[in-house]
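1. Mind looking at a prediction? Sequence and model below.
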Amino acid sequence: MSNPRFSFASKENKQPMPMDDNMNQQQVCENACCSSSSSFFTASSGSSSVNMTRLETFDEMIVYPSGHSVLQLSAHHRLLLVVIKWYGCPLCQKTLNALQGYLSSFLLMNIIPVICHQEDVNTFSKLISHTQLMHCKISTPMKRILMVEKAGIVKHCMAMPTMIKMLITEKRKLFFPSLKEIKEMELMSLFCMHLVKDGEIEQSYFYKSLTERPDYGAFIFKLGRDSKNLNEPMHNNESLTNNEESESSSQITSTHLESSPEEYIPKLMKLFPTMKEIFRAARKHVAIVGCEEHVQQRQQQQNHQLSSLSEEKETSHDDHAEKNSSSATIHEAPHTNRLSIPKRKSSCSSTNSTSSIMSSKQVTVRQVLENATMRNYFKAYLSNIFCLELVIFLEQVIKYKILCKRSHNLESNINTESSIETIDIQIPPTERTLSEKEMKANYIIATFLEEDAMFRINTSKKLINAMQKKLDEKGCTIDLFDEIARDIETSMLVHLFETFKDTNLYREMMQRQSSMANSNN
């Protein structure tokens, strides 16, 4: 697999890059991808004409079926502009299916995927009517702004075996646009997508191979940086902790979730009226996959037990005189093998690999949740398996706790400064304004814990009832959601963390932590 190329917009280093029509398109793409400070993505005082051109272009790109422009939508949401060749290509059909399957994770992060195509708008709307994806027709000037490279015949020929395999195994269809559409189209060999916010391209993704597609979780959480950027410092105010230092910062959630869900969900609901069904389907898919994985694990355990029994019989027949000692060794074998295999691997690796493996033994899900950098890797994995709402819930609980502490401090200051003679004014319940912590508590319950909640958490109903009883009797106490949060961490995230350890994301996370530790030393 070829390595993906990520590019990240920088709002600090801004160097002008003029839009010259004679500029080689490939050189533009290379410059934008290799330099994280490329102002082609960002506003720059030295290239106001370029910025105006880009903003005007985004304002002309109408997104269907909403009817809003890319510029308008990007004011409240992050837009993922995914450029495809044409719908009749099996590779493009697979990309659209992947985006539809990932839609729940996108929406949970306030990201709207938009398919950028070259076909007739009405025709394309019918072709993707089985999805809830939005789309936009792009012109040739728009392709230049998005750095879409023209096609090469060789690349398409190299992709033909994969396309033929899809036609046979996945029963996809291959068809071409009309002659009228083909005259206005360009076959594009460069798969690319851009994340846009407030009319600015935050980051981009390019793949030279037509058959390769990205890890959306790694892309969204910006985990594809070059090794030279691995040693960037962490922000302590982003850690998922209850420390007093965190109270001074509103940046409790990840920087990729710029606003709380209660702020953008109402807007998303207007764009996606079937949003609840989208999340319900995702939860159903997770449940089915979870059952299948559980069955596979049980089969693996049974196979392991059978192999252990067969090894025990062979050992007992080999040397009857040492039966007792051999039997004792067999009983200890599973544990001994699991501990010795990593040691043998680490002895043959470099010092950095050894420290990374030793560190990985000590990392727990709690440590990952409390570290902003590692938490982003874990969240990228959870978004890929459609379980991101678990960590989002914990982040919202931390925000609730901070509001409770602030409310307590404010009440203490008022009581201290108030005089002995006070006038007691009774406010009727119907006229009383809810405090911030009460609004946050109501939001958490309605969004994560109610039966028909948007991001329904599959926790114990007994714990939910106990929480509701505590709320009725004592009000919004700081420990209102503690039992539910503890259940999510111990009964759900711990198991997901074990599967996370088997992924490339986890290995990259540990390598990054090892690099940061070495740089600090």
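-> Received the coordinates, thanks.
2. now the chain, which segments are flagged as low pLDDT?
-> Under the criterion pLDDT under 70, the flagged ranges of the chain are 1-50, 151-156, 183-184, 186-191, 208-212, 224-259, 287-361, 410-434, 521.
3. Who are the contact partners of the closest residue in space to Tyr102 that isn't next to it in sequence?
-> In space, and not counting its chain neighbours, Tyr102 is closest to Tyr216: 5.5 Å by Cβ to Cβ, 6 or more residues apart in numbering. Where C-beta positions appear, they are placed from N, C-alpha and C, glycine not excepted. Tyr216 is in contact with 98, 102, 105-106, 383-384, counting by Cβ atoms under 8 Å, 6 or more residues apart in numbering.
4. Of these - the most surrounded one?
-> Most neighbours among the contacts of Tyr216, by other Cβ atoms under 10 Å: Ser383, with 26 neighbours.
5. returning to that earlier point: looking at the contacts of Tyr216, which one is closest to Leu268?
-> Proximity of the contacts of Tyr216 to Leu268 (Cβ to Cβ) peaks at Phe106, which lies at 10.0 Å.
6. In this model Arg78 seems to touch the closest one, though I could be wrong.
-> No: here Phe106 does not reach Arg78: they are 9.1 Å apart, not a contact under Cβ atoms under 8 Å.
7. which residues do these two both contact?
-> By Cβ under 8 Å, 6+ apart, Phe106 and Arg78 have these common neighbours: Ile112.
8. dump the residue contacts of Pro65.
-> Pro65 sits in contact with 125, 134, where contact means Cβ under 8 Å, 6+ apart.
9. Spell out which residues sit in contact with Phe448, please.
-> 389, 393, 396, 455-457.
10. wait, Lys379
-> Contact analysis of Lys379 by Cβ under 8 Å, 6+ apart lists 217, 221, 254, 388, 391.
11. ok, it to Met467 distance?
-> 24 Å (Cβ to Cβ, to the nearest Å).
12. Equivalent analysis for His495, please.
-> Counting by Cβ to Cβ, the separation of His495 from Met467 is 23 Å.
13. same check, this time on Arg375
-> Noted for Arg375: a distance of 24 Å to Met467, by Cβ to Cβ.
14. which one of the two has more residues nearby?
-> Comparing Arg375 with Met467 by other Cβ under 10 Å, the one with more neighbours is Arg375, at 24 against 21.
15. isn't that one right up against Arg366?
-> No: counting by Cβ under 8 Å, Arg375 does not reach Arg366; the two are 10.9 Å apart.
16. Sitting in helices, which of the contacts of Phe448 do you find?
-> 389, 393, 396 (DSSP state H).
17. Does Ser74 touch Lys197 like I think?
-> Yes: assessed by Cβ under 8 Å, Ser74 is found in contact with Lys197 at 5.5 Å.
18. and the two? which has more neighbours close in?
-> The residue with more neighbours, out of Ser74 and Lys197, is Ser74; 24 against 18, by other Cβ under 10 Å.
19. list the contacts for that one?
-> Applying Cβ under 8 Å, 6+ apart, we find Ser74 in contact with 58, 196-200.
20. Same question for Thr57.
-> Shown in contact with Thr57 (Cβ under 8 Å, 6+ apart): 141-142, 145.
21. List buried residues within those residues.
-> For those, a neighbour count by 16 or more other Cβ atoms under 10 Å gives the buried set as 142, 145.
22. Okay, and which of the contacts of Thr57 map to helices?
-> Judged by DSSP H, the contacts of Thr57 include 141-142, 145 as members of helices.
23. Torsion angles phi and psi at Ser407?
-> Dihedral pair for Ser407: phi -60, psi -40, per degrees, to the nearest 10.
24. these two touch, right, it and Lys440?
-> No: look at Ser407 against Lys440 with Cβ under 8 Å: they stay out of range, at 10.4 Å.
25. Those two: which has the busier surroundings?
-> Neighbours were counted for Ser407 and for Lys440 using other Cβ under 10 Å; Lys440 has more, 22 against 16.
26. Name the next helix or strand following the helix or strand containing that one along the chain.
-> Using DSSP states H and E, the element containing Lys440 is helix 436-444. Downstream of helix 436-444, the first helix or strand assigned by DSSP H and E is helix 461-474.
27. Show me what the helix or strand that that next one is followed by is packed up against.
-> Sequence order places helix 482-488 as the next helix or strand after helix 461-474, per DSSP H and E. Helices and strands touching helix 482-488, by 3 or more Cβ pairs under 8 Å, 6 or more residues apart in numbering; DSSP states H and E, are helix 389-417, helix 461-474.
28. now the first one and helix 436-444, what's the angle there?
-> I take that to be helix 389-417. 160 degrees (axes from the mean of the first three to the mean of the last three Cα atoms, to 10 degrees).
29. and if you look at the last one?
-> Angle between the axes of helix 461-474 and helix 436-444 is 150 degrees (criterion: the same axes, to 10 degrees).
30. got the buried residues for helix 461-474?
-> The neighbour-count check on helix 461-474 (16+ other Cβ under 10 Å) flags 463-464, 467, 470-471 as buried.
31. With distance to Ile402 as extra columns, can I get those in JSON lines?
-> Below are the buried residues of helix 461-474 laid out as JSON lines (distance: Cβ to Cβ, whole Å):
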{"residue": "Leu463", "distance to Ile402": "22"}
{"residue": "Ile464", "distance to Ile402": "23"}
{"residue": "Met467", "distance to Ile402": "19"}
{"residue": "Lys470", "distance to Ile402": "19"}
{"residue": "Leu471", "distance to Ile402": "18"}
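32. quick check, nearest of these to Val82?
-> So of those, ranked by how close each gets to Val82 (Cβ to Cβ), first place is Ile464, at 38.3 Å.
33. Could you tell me how far that closest one is located from Thr499?
-> 26 Å.
34. Show me the strands in the stretch 151-300 of the chain, by range?
-> For the stretch 151-300 of the chain, the strands defined by DSSP state E, counting those that start in this stretch cover 191-197, 200-207.
35. Can I get the longest one in CSV, CA atoms only?
-> Extracted as CSV, the C-alpha positions of strand 200-207 are listed here (Å, rounded to 0.1, in the frame of the first residue of the first chain):
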residue,chain,number,x,y,z
GLU,A,200,-10.8,27.7,4.7
ILE,A,201,-9.3,24.3,3.7
GLU,A,202,-8.0,23.0,7.0
GLN,A,203,-6.4,19.8,5.6
SER,A,204,-6.3,17.7,2.5
TYR,A,205,-5.7,14.1,1.5
PHE,A,206,-4.2,12.9,-1.7
TYR,A,207,-3.7,9.4,-3.0
